[in-house]
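Colleague: Provided below are the primary sequence and the corresponding predicted coordinates.
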Amino acid sequence: MNNQSKRGLQSLAFAAVIMAVLSLVLFGCAKKPETAQTVKESAAKQPDIIRVPTPGDVTRPDIYMIAEELGYFAEEGIKLEYVGTVPSPQLVASVVAGKIDVGAAHINRTIAGISAGAKIKAVVAGTETTQEIPHMVYVTLDNSPIKNAQDLVGKKVGIPTIGGCNEYTPYAYLKKNGITAPKGKIEVIIMPEGNLEQALRQGDIDVAGFHKNPGFLTARGGLKILFTDYDVFGTVGGGTPFYFSEKFIKEKPDVVRRFVKAVAKANDWADANQQQAIDITVKRANIDPKLLRNGYFAPKGIIQPETATVWIDLLKEFGEIKSDVKPEQIFTNEFNPSAKI
């Protein structure tokens, strides 16, 4: 083989080596393997989904809607998924069964559920009672002879559901005003809240219990306030905290922590901007603004122990719960950065 042929073969070999190297480089760039860090970064871009009930009978500013509108959930990497309306008495069971991730209702529901064995825990406070914005309001007609607790004995009291805040608030009112064994001293009539006013005006009941603000009711004319839960319990009787299953809390504590932060932030904003909170809810729920009342939300979302203990004692007294339930079983503020644990 002459020198020219040798040089040609050497050139071809060199070119083949260069092509092989380039192929490896290009293949490596195209097929760069995912590292734990890149997987983590990709996952971080996807929001955590929290399944919640679709708001049903919206009568006050809705914290879900407010927090979404203001971007508080998005800031925390959370997206709410509305799964349909869930009646209040079914919320605890739905959370336990995993049909929804979080429930919110009057704290008596949380307590009763835990007493019955439900593995749930409240993590952030919702509404609270004030004198102007109570949780429950009991009214009579302007010309009714019922003026105090003694006058209420033997009368028909219409409420939306049996048990809980609807029924036990009147019993506590009677007891506070010297009526012993109050459970047998009034006749409880159950009907949808939307029918209560008509039943009262046509004389089918003597007193009606509403989840509405006093001013909203008196503005309708012909009605007077007999008492509210503020008259019975002060500010601690109307707590409505948000709760998760213990399983969810154990598996996703950081999601719970971020949810609490968003709700607490929305609470404070809604209290400081009540009309705007109403406007957001009216727009997103597409409802008549006349149907919406103001709401007062727990500052920084902190759950006060008294909101649980007052209802633990009351539910025990009237036989709705049997077990020895403790406040620490009902709620925790450990996920709230503003709370002093």
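Modeller: Yes, it's here.

Colleague: Once you drop chain neighbours, what's closest to the residue sitting nearest the centre point of the chain?
Modeller: Compute the mean C-alpha point of the chain, and by CA atoms, centre = their mean the closest residue is Ala104, 3.1 Å away. Using CB to CB, 6 or more residues apart in numbering and skipping the chain neighbours, the partner closest in space to Ala104 is Phe242 (4.5 Å). (Each C-beta comes from the backbone N, C-alpha and C, glycine too.)

Colleague: Might you report the residue contacts of that neighbour?
Modeller: Contacts were defined as CB atoms under 8 Å, 6 or more residues apart in numbering; by that measure Phe242 touches Val102, Gly103, Ala104, Ala122, Val123, Val124, Ala125, Gly126, Phe259, Val263.

Colleague: Domain parsing of the protein, as residue ranges.
Modeller: Domains of the chain are assigned by automatic domain parsing as 47-128+239-330, 137-234.

Colleague: Of those, which is nearest Pro337?
Modeller: Pro337 lies closest to domain 47-128+239-330 among the domains of the chain, at 6.8 Å (CB to CB).

Colleague: Do I have it right that the residue nearest to the centre of the chain meets Phe259?
Modeller: No - if you go by CB atoms under 8 Å, Ala104 and Phe259 don't touch, sitting 11.4 Å apart.

Colleague: so where's the stretch 1-150 of the chain shaky on pLDDT?
Modeller: 1-44 (pLDDT under 70).

Colleague: where along it do the strands fall?
Modeller: With strands called from DSSP state E, counting those that start in this stretch, the stretch 1-150 of the chain shows them at 48-52, 78-82, 102-104, 120-124, 137-141.

Colleague: In stretch 159-178, which residues are buried?
Modeller: 159-161, 163-175 (16 or more other CB atoms under 10 Å).

Colleague: and those residues, which two are the farthest apart?
Modeller: Pro160 and Lys175 (21.6 Å).

Colleague: quick revisit: pipe the contacts of Phe242 into JSON lines and attach distance to Ile312 per row.
Modeller: Shown next, in JSON lines, are the contacts of Phe242 (distance: CB to CB, whole Å):
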{"residue": "Val102", "distance to Ile312": "22"}
{"residue": "Gly103", "distance to Ile312": "19"}
{"residue": "Ala104", "distance to Ile312": "19"}
{"residue": "Ala122", "distance to Ile312": "13"}
{"residue": "Val123", "distance to Ile312": "18"}
{"residue": "Val124", "distance to Ile312": "19"}
{"residue": "Ala125", "distance to Ile312": "16"}
{"residue": "Gly126", "distance to Ile312": "18"}
{"residue": "Phe259", "distance to Ile312": "25"}
{"residue": "Val263", "distance to Ile312": "23"}
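
Colleague: what about stretch 291-309, average pLDDT?
Modeller: Averaged over stretch 291-309, pLDDT sits at 93.

Colleague: hey, C-alpha coordinates of it in PDB?
Modeller: Extracted C-alpha coordinates of stretch 291-309, given in PDB (Å, rounded to 0.1, in the frame of the first residue of the first chain):
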ATOM      1  CA  LEU A 291     -79.300  38.000  50.100                       C
ATOM      2  CA  LEU A 292     -75.700  38.400  51.400                       C
ATOM      3  CA  ARG A 293     -74.900  39.500  55.000                       C
ATOM      4  CA  ASN A 294     -71.700  40.600  56.400                       C
ATOM      5  CA  GLY A 295     -69.400  38.100  58.000                       C
ATOM      6  CA  TYR A 296     -66.800  38.300  60.700                       C
ATOM      7  CA  PHE A 297     -63.800  36.000  60.400                       C
ATOM      8  CA  ALA A 298     -61.400  34.800  63.100                       C
ATOM      9  CA  PRO A 299     -58.300  37.100  63.100                       C
ATOM     10  CA  LYS A 300     -55.300  35.300  61.600                       C
ATOM     11  CA  GLY A 301     -57.400  32.100  61.500                       C
ATOM     12  CA  ILE A 302     -56.400  31.200  65.000                       C
ATOM     13  CA  ILE A 303     -58.800  28.800  66.700                       C
ATOM     14  CA  GLN A 304     -59.700  29.900  70.300                       C
ATOM     15  CA  PRO A 305     -59.900  27.000  72.800                       C
ATOM     16  CA  GLU A 306     -63.100  28.400  74.200                       C
ATOM     17  CA  THR A 307     -64.900  27.900  70.900                       C
ATOM     18  CA  ALA A 308     -64.500  24.200  71.400                       C
ATOM     19  CA  THR A 309     -64.900  23.800  75.100                       C
END
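
Colleague: which residues pair with Glu81 across the strands?
Modeller: Arg51 (DSSP bridges).

Colleague: going forward, begin numbering at 32 instead of 1
Modeller: In the new count, where the first residue is 32, that last one comes out as Glu112.

Colleague: State the distance from it to Ile131.
Modeller: Note on Glu112: its distance to Ile131, by CB to CB, to the nearest Å, is 9 Å.

Colleague: Can you work out which residues contact both of the two?
Modeller: Shared contacts of Glu112 and Ile131, counting by CB under 8 Å, 6+ apart, come down to Arg82, Val83.

Colleague: Compare those two (neighbour count), which wins?
Modeller: More crowded of Glu112 and Ile131, by other CB atoms under 10 Å: Ile131, with 24 against 11.

Colleague: circling back to that earlier point, mind checking which of the buried residues of stretch 190-209 are in helices?
Modeller: Gly195, Cys196, Asn197, Glu198, Tyr199, Thr200, Pro201, Tyr202, Ala203, Tyr204, Leu205, Lys206 (DSSP state H).
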